[in-house]
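*Asks:* Quick check, what structure comes out for this input:
(one chain, ligands or ions: 1)
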Amino acid sequence: MDAIKKTLKDSAAIRWLVLVIISMFMFGTYWFQDFMSGLKGLMMSELGINSSQFGLIISSTTWANMVGMIMVGGIILDKWGIRVAGVVFGIVASLGASITAMATYGVFGDDPGTMMKFMMAGRMLFGIGLESICVIVTRTTVKWFKGYELALAMAINVAFGRFGTAFGTAFSVEIGGGHVAPAVAFAASLIGFGFILFLAYLIFDIRLDKQVNANKKEGGEPEEDFKFSDLVKLATNKGFIYITLLCVAFYSAVFPFIQYAPDLLVNKFGFTYQLPDLSSMTLFEKIGAIFHNGPKVTGLIPLGTILFTPIFGSIVDKKGKAASLMILGAFLLIFAHVSLSLFNSVTLGYLGLVSLGVAFALVPAAMWPSVAKIVAENRLGTAYSSMFTIQNWGLGLFFWGIGALLDFVNRADLAAIKAGEKMYDYTIPILTLVICGVISIFLAFMLLRADKQNKYGLELPSGVEAK
Ligand SMILES: N[C@@H](Cc1c[nH]cn1)C(=O)NCC(=O)O
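*Replies:* Next up is the predicted model:
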């Protein structure tokens, strides 16, 4: 038998270059998913929408995914591979983002109803792209890093997404120059940029496939593919059911919260949406102004996870305790939402945000590798696609639900709030998220119990098999 020849992925420099190129796609899509949180106040005043309508626009990202578009993405990925799936969903995401941007410029009509309808249609298309691109980029990372620095590569990949969330949330008001439409157009162009880079990546993908195929003919390892029919097996796997429900409960209390966090900070603690002129301020005053700005402070949450997710990931790799860490993450989530809803202390509010940031780093670091211990490798694609599908049910409900509940509990004061005479009371909407935290703790304990019964090895270090 001929010796296996070296391929492109055996070069560390090319591997990491590929990772940066494909991760820019994550950066753009996460930016577009989350940037509107910093624009909520502006969208309400400029587009004439209320909180419930803002919630609908955010929520529309999940609608097509709720009825299985991520699974369709998984099937296309399986059947036709990374190149076809990446191009198809890159076009879908770019088209969706462009329609959203055109709607905000009034291309389809400038009354609030028409704008909203087309923004929602655009975001719905974009949402199909977002989730499938997330699966495609993860799959591509596995293709290049399996047998190398896979966990680190995955953490860096998500870190690019978090940068997108952080910068999109923090800087969209300034990027738009105080207007909604330019900020949306900028966010849409980032997706186009990420897509162009992905198209450039295809050159590497084609070359790698040629090399791998040549090696296969010479006796290399064949790749195992996952099948959609394996879905039934997943639906009867207790551990998978608990971790999927935990994913819904946990992320429902995090992603939707981030969409409303700047507005919460502005309304509850008197933070600003727009930074004042910093030029004549001392350094301390500048720092004070930044830490008093809703979008900037919210942007620090995903920024913090970039540092902490890989740290927690390596703790999980070396020491295990993944299920216990998910329990801890759920407790931190409850502390965060209780301190941000029931109390009026800014210090406690900051502590709550830090606590949420730690939970947001801890749970994903423990959750995503745990799926790989519960589910066989050839079913991982289906597993992640179905987890994201069910996750979107929760996200869809809470993206919209928080806004709708906000309008409902403040219904007597809506006119005064619109006139700037009163502020929204966020107590009940944020307190509702505490319920997600409590459900998360219950599910994390059930997962721990299932781990003991089925010996998944969730509490063990990476690579150690449960006996
Ligand atoms: N479903 C994905 C992508 C995503 C991001 N925002 C909404 N959907 C996901 O949850 N990825 C995991 C993560 O921690 O970002």
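*Asks:* secondary structure element for the residue in the stretch 51-200 of the chain that the ligand sits nearest to?
*Replies:* Nearest residue of the stretch 51-200 of the chain to the ligand: residue 134, at 4.4 Å (C-beta to the nearest ligand atom). C-betas here are computed from N, CA, C, even on glycine. Residue 134 is part of helix 112-145, with elements assigned from DSSP states H and E.
*Asks:* Following element in sequence after that helix, please.
*Replies:* That would be, after helix 112-145 and using DSSP H and E, helix 150-175.
*Asks:* Remind me what the next helix or strand after that following helix packs against, helices and strands.
*Replies:* The C-terminal neighbour of helix 150-175 among helices and strands, as given by DSSP H and E, is helix 180-217. Other elements packing on helix 180-217 under the criterion 3 or more C-beta pairs under 8 Å, 6 or more residues apart in numbering; DSSP states H and E are helix 12-34, helix 40-47, helix 69-104, helix 112-145, helix 150-175.
*Asks:* to the chain's geometric centre, what's the distance from stretch 367-381?
*Replies:* 19 Å (C-alpha atoms, centre = their mean, to the nearest Å).
*Asks:* List the contacts of the residue of the stretch 51-200 of the chain closest to the ligand.
*Replies:* By C-beta atoms under 8 Å, 6 or more residues apart in numbering, residue 134 lies in contact with 26, 29, 161, 388.
*Asks:* how close does the residue nearest to residue 159 when sequence neighbours are not counted get to the ligand?
*Replies:* Nearest residue to residue 159, sequence neighbours excluded (C-beta to C-beta, 6 or more residues apart in numbering): residue 306, at 4.4 Å. According to C-beta to the nearest ligand atom, to the nearest Å, residue 306 and the ligand sit 12 Å apart.
*Asks:* what's the answer for residue 454, then?
*Replies:* Applying C-beta to the nearest ligand atom to residue 454 and the ligand gives a distance of 24 Å.
*Asks:* pretty sure that residue is in contact with residue 238, am I right?
*Replies:* Yes - if you go by C-beta atoms under 8 Å, residue 454 and residue 238 touch, sitting 6.9 Å apart.
*Asks:* With mean pLDDT and distance to residue 443 as added columns, please give the helices and strands packed on helix 180-217 in JSON lines.
*Replies:* Shown next, in JSON lines, are the helices and strands packed on helix 180-217 (pLDDT from 0 to 100; distance: least, C-beta to C-beta, whole Å):
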{"stretch": "helix 12-34", "mean pLDDT": "97", "distance to residue 443": "25"}
{"stretch": "helix 40-47", "mean pLDDT": "95", "distance to residue 443": "30"}
{"stretch": "helix 69-104", "mean pLDDT": "94", "distance to residue 443": "21"}
{"stretch": "helix 112-145", "mean pLDDT": "94", "distance to residue 443": "22"}
{"stretch": "helix 150-175", "mean pLDDT": "92", "distance to residue 443": "22"}
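*Asks:* Rounded mean pLDDT for stretch 243-262, please.
*Replies:* The pLDDT scores in stretch 243-262 average 98.
*Asks:* count of neighbours near residue 181?
*Replies:* 18 (other C-beta atoms under 10 Å).
*Asks:* check contacts around it.
*Replies:* Counted by C-beta under 8 Å, 6+ apart, residue 181 has contacts 101, 104, 105.
*Asks:* Nearest to the ligand: which residue in the stretch 201-350 of the chain?
*Replies:* Closest point on the stretch 201-350 of the chain to the ligand, by C-beta to the nearest ligand atom, is residue 255, at 5.2 Å.
*Asks:* Using CSV, write down the CA coordinates of stretch 205-219.
*Replies:* The C-alpha trace of stretch 205-219 is given here as CSV (Å, rounded to 0.1, in the frame of the first residue of the first chain):
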residue,chain,number,x,y,z
ASP,A,205,-11.9,23.1,0.0
ILE,A,206,-11.6,21.8,-3.5
ARG,A,207,-7.9,21.2,-3.2
LEU,A,208,-8.2,19.5,0.1
ASP,A,209,-11.0,17.2,-1.3
LYS,A,210,-8.8,16.3,-4.2
GLN,A,211,-5.9,15.4,-1.9
VAL,A,212,-8.1,13.4,0.5
ASN,A,213,-9.7,11.5,-2.4
ALA,A,214,-6.3,10.7,-3.8
ASN,A,215,-5.3,9.4,-0.4
LYS,A,216,-8.5,7.3,-0.1
LYS,A,217,-7.6,5.6,-3.4
GLU,A,218,-4.2,4.8,-1.8
GLY,A,219,-5.8,3.3,1.3
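*Asks:* who in the stretch 1-150 of the chain is up against the ligand?
*Replies:* Residues of the stretch 1-150 of the chain lying close to the ligand (C-beta under 6 Å from any ligand atom) are 33, 131, 134.
*Asks:* Quickly name whichever of those is closest to residue 66.
*Replies:* residue 131 (10.6 Å; C-beta to C-beta).
*Asks:* For the nearest residue to that closest one once chain neighbours are set aside, grab the count of nearby residues.
*Replies:* Nearest non-adjacent residue to residue 131, counting by C-beta to C-beta, 6+ apart: residue 70, 4.6 Å away. Counted by other C-beta under 10 Å, the residues lying close to residue 70 total 28.
*Asks:* isn't residue 70 right up against residue 388?
*Replies:* Yes - Residue 70 is in contact with residue 388 according to C-beta under 8 Å; the separation is 4.9 Å.
*Asks:* sorry, back to before: SS state for the residue nearest to residue 159?
*Replies:* helix (DSSP: H, G, I helix; E, B strand; the rest coil).
*Asks:* Please list all residues in contact with it.
*Replies:* By C-beta under 8 Å, 6+ apart, the neighbours of residue 306 are 159, 162, 163, 166.
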